[in-house]
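Colleague: predicted model follows, preceded by the sequence.
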Amino acid sequence: MDFLDKKIVVTTGTCGISAGADTLIEEFSKNKVNIKKTGCIGLCAIEPTVFIFKNGVTLFKEVLKKDVKDIIDYFKNDILSKNLEKKIYFKGPFKDLKEKVFKGQTRLILRNVGLIDPFNIDDYIKLGGYQFLKKCINKKIKKEDIISILKSSGLRGRGGAGFPTFKKWELLKKERSKEKYIICNADEGDPGAFMDRSLLEGDPHSVLEGIQIASFATGATKAFIYIRAEYPLAVKTIKNAIREAKEKELLIVNTEIRQGAGAFVCGEETALIASIEGKRGMPRKRPPYPSASGVFGKPTNINNVETLAAVSWIMQNPGAYEKYGYKKSLGTKVFALAGNIKRGGLVEIEFGRSLNDLIYTVGFGIKDDKILKAIQLGGPSGGCLPKAILDTKIDYESLKETGAIVGSGGVVVMDESSCMVDIAKFFMKFNASESCGKCTFCRVGTSRILEILEKISDGFAKEEDLEKLYDLAKGVSMLSLCGLGKTSPNPVLTTLKYFKDEYLEHIENKVCKTHVCKNLIRYSINENCVKCLACVKTCPVNAISEISEKLEINQSKCIKCGKCFSVCKFKAVSVK
Amino acid sequence: MNILIDGKKYSFKENETILEVCKRNGINIPTLCFNKKFPPNSSCFVCIVEDLTSKTLIPSCSTNARDGMKISTDSDTVKKYRRMAIELLLSEHDANCFSPCKVTCPAGIDVRDYIMYQRNSDSLHSFLKIRKKNPFVTSIGRVCPARCENDCSRNVIDQNVDIRLIKRFVGDDVYKNKKEELLKIEKSLIKEKNDMKVAIIGGGPSGLSAAYYFLLQGSKVEIFEREEFLGGMLRYSIPSYRLPKDILKTEIDSIINLGVKVHRNFNVDEKVFKKFKKDFDKVVIATGTWKDSTMRLGEENYENSMSALEFLKKVNKGDVLTFGKRVVVVGGGNSAIDSARTLLRLGLDVSLIYRRTKKEMPALEHEITDAINEGVKLIELLSPNKLIIENDKLTGVSFEKMVLLDEKDQSGRNKIKGTGRFYNFNFDTLIYAIGQKKDNDFEIKDNVYICGDALTGASTAIEAIASGKKLVDSIFNNFNELSFCSKREDKLLKEKKYEKKEKEKINLKDFKNSNDKFVEVEEGLKDINFSTQRCIDCGCEDIDFCKLRDYSIKYGAKEDTYKSKNMKKVKYFVDDSMKYMTLNQSKCVKCGTCINVCEKEVGASAINFINRGLDVKVAGSINENLKESDCIMCGMCIDTCPTGAISESINDFNWNKGKTEIKKCDGCILECNLELIYDESGRVARVRSHDTPICAIGRWGNTKDYKNLREIYKGKINNNLPSLEGFNILELKSLSNFSKIYVLDDPKPLNPRMTYEMRKLKNLEYVSDINSLVLKSNDLVILNYFNLTSDVLEKLKNVSIFPFFYRKKTRT
């Protein structure tokens, strides 16, 4: 990493920029200080971050515009201001960074992200990139050998389904057609998942190299990168990467970008193909599989961004990948940690670690040291798992047994203040609005599920509604064509499996213990009240007034925002 | 290779789907999104079957049969999830199967249809349409409470359609002008004789109704009537100023003349009844409710006190009665009003006393108003308490003053309470109209059936008639079409702008100036066309073509299974921008077959899905609107639509599918096969495609009302275009014999069949300029009729040509 030496590094992924990294860059350039821009290193919770690689590494968190001068001072003159001192997240030798900041992680796919300049192909080449591809270009390696390396690496599709990658490649290789296509699926749509974006923004060449290797090994004649238009920075980075690679003659096939309009279902391969063809993104029944009839009816192979990034690592380090992992799930997986967790952001771990490990070691534990209640794994179509089964190992098979999926790797951590009915509602809302509308069960069923959930959280559901809910959820999962439809009721099915009591409480007792479901709670003012009137001032709808020398909340006015509850210093507002 | 379906072995060919195997072997599987011309959509999931090995449900339309597969097509799981799919579709099916008038009518009369026939001046078929559900056309047109009018959709716009009076007009017109024709047609409607012998006791509305429908079924019917004349309550309780006796007689005769044997003045006692049970296959009790309820004050024991029923019967028989001068009528029902108005006509001073207020009276509102206008004094909120007896003679009644409470009773009317204050009323005669009961108790057992008032208690004539028909339907297992009825609020009315036209004012005859005091008070409609044209034809036209409805009935699906307060509703959207077609989103099941047809068969790609989730809808591919899309109005989407989401915007035909016929279209030289569907009156109601796609000319040009469309095209051809005589115009069949085929100008022909055929051709070339071509004798030129000019024709002298119609470009 000598190209980092004596450098100031600002991480400028989408997360960094939205937290204000671009103003920092402006400020640095005003002061005529050269800095290095990298992608997101995965510490999204403390953005914007600035690294100083001088006498080891110093990492500053939540840097503001006014801190820039101090940082320059520190960089040039080793003077650390008091203000800046507070912002040090890490200071020490480079190797400690791995152990402390990236505790418990195995960063193979994310190896370069946050450390190299994504707009500079030389950084990637310096770290060993494109060497394998050159072998391919110079025909120093056989196609069969590539597939056999891939086979022994045990790499499985990282988009969610976990289908062995080498098999897909083999299928495409076998097809005899004048035209064959490789598609890189960068239509990442899960709320809370951003590993593909980070990869494309932080290390586009590793993905591009993966695409080229895949094209070579399968004999593809053209490659598409299908990326959502909502990722403008990633589009820019990958476009630049293609240009740079072309200049250096590092492209085996013509690689084109296709931008999707942000339909969740277009991440499904048959819908994605339809979208590339210029049609409405709607899945179709398989078979025929894309390997036989894909884009424009030609044989096609679709791999996820993370899979292709893994390919370039595997080819750089043959025989190494399979040393990581567990049982049938070899290698590593990137997860996006979100919710009530201390270290939110991107992490990469080896398969076979437990969910507890992921949360408490890699994620540093629950925010505010609260008690963990459940985690939602695998995005909106994944499952909600309770605390009790969090010693489950992270691998494709074990997770499937629990009802959740590895999926794209989104992890939402929930503490005890989360209502599971509300959580199910949240994810169902997403799934219902993202249904492409083709299959009856997915189009109408998901909305009807959502309505039953709303009925439950509003407190007018009956016990028979629970049966209806379960039947309907089963129906949707059985009778939908594509993966989105089949998995869309998972949030309901898993919460029903693990948190049925909570549903029953809502239905029978009309109680939401977490006070999330507004229609089931009631705020009142108790005898602790000292009439400081803080609540009266804060109430947005003027629902609190003095009636017969006591403060009272007018229930018909109250919108249950809970502001009085949090503003009261005397525990005089009680909630039921 | 074999597959086991429902326990039976069937062989199959390679790449054959389960659905195909089932269809080939006559196993019925429901489908909505499947059209055999195209690859399966597999989106509706109604065609699911169970794979018994893996215990999973699979869509049969797109799953290939595999050797050794075990399939069930009707297991409980299959039925459950098919029903669930249908119920989910119904939950977003925001549309009405029938017009509200039909749904409300106790007899379920197809009101919209009979008004439609009358609008086309076809009173006979209008009459027959009514007779399908109710044999008393003109009588019911006079005495019906007409709840249909309360529910009429037109109320939202201005006022209800005069449904009852239209019925009256139709009846009168037919009895006056088309009696013989009617008899002839109705006789032809009688089914082949069955061996059933039916005795009907009671010749009132329900008995006669049962008799009529038994007769149509081919049974032998005898009616046994206690009185001298048939008609029951219609004859003896309804005064002739409302229903003239001669009109009633004509109507009853039209039923009897079909072949009913009538025994008048025939009283059936227990002994005769027992004999009937042996002699007849079915015995129907239709004896009505002829026993009076009393005020329970002992009033029945006095000479100058009489029940309304007894009074009306006597008047209707023509008995001479003495009343003194002042008469008090107690009650608030129709009998009370009828009595009061009859008494007025007898020249008496009439007070009508009711314990609640006018608003709560069960009598018809307009009858009450008419009665008051005629001079009946209405006294509200008095409840009879005690008789006033002087010298053993009834001279008056003491009434308690009542007050109305806010609380409602079971019937939804406000409750009343006594105040303890009493008022005395003196009179010469008292008529009490408190209620009626059945006056016999024949045992309903074995082959004995009951209908009408005797079954339901005192009710309206139309309900008695409906009851009589229902009895016959249940005996002959006739399907009740209302067993599934999607019924939703008709939002279209609120969105669509209708011209306001209030209904015709009906004149009332004043009996005071007439020689005949019992002259019919209500005059009929003066402008029948005005009234029939006010009907806006609500309800769904595609009832007979609707698969969703069929399957809902078959699988017992209910439309409100997933109904809830917070239900997300899709914005109601009707596209009627195309003149002859309507795209109604609220009926769409998103099967996508129309999109397939439009793209793959028609070649227009005018429609596609837009939006996501529940908001998905079929819309014009440009700007949502069909008019701005590439729609060529061929209507092929109508034929494939499993519901009424895409339909013809003409309403002037019958809902029910009638006779069909295959006929060659004479619109152009393609001579496509058309499937003509006739309605009961013999008009072409609609045209559907038969084996190949058809175009707008074939579809609309053959229905009576759309002749003009065809004329436009024909006129153009005849007047403005050069004659093609002497040209080698070929038939479509031989298209493939040419070395080169040139298609001139716009590649989007108006005729979908042309696109369809052209797609099969390999040696086809689209050209824009004919002059640049070097044509050989073995070439064919397909060209636009409208673009033919004499110099173009000159060039085409030596080759074969194929002229047909293109869509004129409307978009710029």
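Modeller: Cool, the structure landed. In this text, all values refer to a predicted model and were calculated from it rather than measured experimentally.
Colleague: any idea how far residue A:489 is from residue A:432?
Modeller: Counting by C-beta to C-beta, to the nearest Å, the gap between residue A:489 and residue A:432 amounts to 10 Å. No exception for glycine: its C-beta is placed from N, CA and C like everyone else's.
Colleague: compare the two and say which is more crowded by neighbours.
Modeller: residue A:489 (30 against 23; other C-beta atoms under 10 Å in any protein chain shown).
Colleague: give the contact list for the more buried one.
Modeller: A:428, A:431, A:445-446, A:449, A:472-474, A:476-477 (C-beta atoms under 8 Å, 6 or more residues apart in numbering or on different chains).
Colleague: list the buried residues for the biggest strand by length in chain B?
Modeller: In chain B, assigned by DSSP state E, the strand with the most residues is strand B:393-408. Neighbour-count burial for strand B:393-408, counted by 16 or more other C-beta atoms under 10 Å in any protein chain shown, picks out B:394-397, B:399-400, B:402, B:404.
Colleague: one step back: dump the contacts of residue A:489 into CSV; add distance to chain B as well.
Modeller: Putting the contacts of residue A:489 into CSV (distance: C-beta to the nearest C-beta, whole Å) gives the following:
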residue, distance to chain B
A:428, 11
A:431, 9
A:445, 6
A:446, 8
A:449, 10
A:472, 7
A:473, 11
A:474, 9
A:476, 9
A:477, 11
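Colleague: in helices, which of these fall?
Modeller: Mapping those onto helices (DSSP state H) picks out A:428, A:431, A:446, A:449, A:472-474, A:476-477.
Colleague: which other helices and strands contact the helix or strand hosting residue A:257?
Modeller: Per DSSP states H and E: residue A:257 is located in strand A:254-260. Judged by 3 or more C-beta pairs under 8 Å, 6 or more residues apart in numbering or on different chains; DSSP states H and E, the packing partners of strand A:254-260 are helix A:204-218, strand A:222-228, helix A:232-247, helix A:269-276.
Colleague: change it to 10 Å
Modeller: strand A:181-186, helix A:204-218, strand A:222-228, helix A:232-247, helix A:269-276 (3 or more C-beta pairs under 10 Å, 6 or more residues apart in numbering or on different chains; DSSP states H and E).
Colleague: need those in CSV with distance to residue B:83, mean pLDDT and mean neighbour count, can you?
Modeller: Output for those, formatted as CSV (distance: least, C-beta to C-beta, whole Å; pLDDT from 0 to 100; neighbours: other C-beta atoms under 10 Å in any protein chain shown):
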stretch, distance to residue B:83, mean pLDDT, mean neighbour count
strand A:181-186, 37, 96, 28
helix A:204-218, 46, 96, 27
strand A:222-228, 38, 96, 23
helix A:232-247, 46, 96, 18
helix A:269-276, 29, 94, 24
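Colleague: quick one, which of the ones you listed is nearest to chain B?
Modeller: Across the helices and strands packed on strand A:254-260, chain B has its closest neighbour in helix A:269-276 (11.5 Å, C-beta to the nearest C-beta).
Colleague: wondering if the closest one reaches chain B at all.
Modeller: No - Helix A:269-276 stays out of contact with chain B when judged by C-beta under 10 Å from any C-beta of the partner chain, the minimum separation being 11.5 Å.
Colleague: for residue 7, what are phi and psi?
Modeller: Picked chain A for this. In terms of degrees, to the nearest 10, the main-chain angles of residue A:7 are phi -130, psi 150.
Colleague: ok, it - contacts?
Modeller: A:1, A:34-36, A:38, A:51-54, A:75 (C-beta atoms under 10 Å, 6 or more residues apart in numbering or on different chains).
Colleague: any idea which of those residues the model trusts least?
Modeller: Taken together, the contacts of residue A:7 show their lowest pLDDT at residue A:1, with 65.
Colleague: ok, back up a step: could I get the average pLDDT for the strand holding residue A:257?
Modeller: Strand A:254-260 shows a mean pLDDT of 94.
Colleague: quick one: contacts of that strand?
Modeller: Here strand A:254-260 makes contact (C-beta under 10 Å, 6+ apart) with A:182-187, A:189, A:208, A:211-212, A:215, A:221-232, A:235, A:238-239, A:241-242, A:245-246, A:266-267, A:271-272, A:275-278, A:281, A:295.
Colleague: distance of the residue of the stretch 451-576 of chain A found nearest chain B relative to residue B:423?
Modeller: Relative to chain B, the nearest point of the stretch 451-576 of chain A is residue A:479 (4.5 Å; C-beta to the nearest C-beta). Using C-beta to C-beta, we find residue A:479 at a distance of 72 Å from residue B:423.
Colleague: who has more neighbours, these two?
Modeller: Using other C-beta under 10 Å, the more surrounded residue of residue A:479 and residue B:423 is residue A:479, with 28 against 13.
Colleague: hmm, that one is touching residue B:81, no?
Modeller: Yes - using C-beta atoms under 10 Å, residue A:479 is in contact with residue B:81, at 6.4 Å.
Colleague: what touches both of the two?
Modeller: Taking C-beta under 10 Å, 6+ apart as the contact rule, residue A:479 and residue B:81 both touch A:441, B:45-46, B:48, B:57.
Colleague: go ahead and flag the most central residue of chain B.
Modeller: Centroid-nearest residue in chain B, with C-alpha atoms, centre = their mean: residue B:110, separated by 3.6 Å.
Colleague: which residues sit against the strand or helix carrying residue A:96?
Modeller: Per DSSP H and E, residue A:96 falls inside helix A:94-100. Outside helix A:94-100, the residues within contact range by C-beta under 10 Å, 6+ apart are A:1, A:4-5, A:41, A:51, A:53, A:56-57, A:59, A:89-93, A:105-107.
Colleague: ok, for the residue of chain B found nearest chain A, nearest residue in space, not its chain neighbours?
Modeller: Nearest residue of chain B to chain A, counting by C-beta to the nearest C-beta: residue B:616, 2.8 Å away. The shortest distance from residue B:616 to any non-neighbouring residue, by C-beta to C-beta, 6 or more residues apart in numbering or on different chains, is to residue A:437 (2.8 Å).
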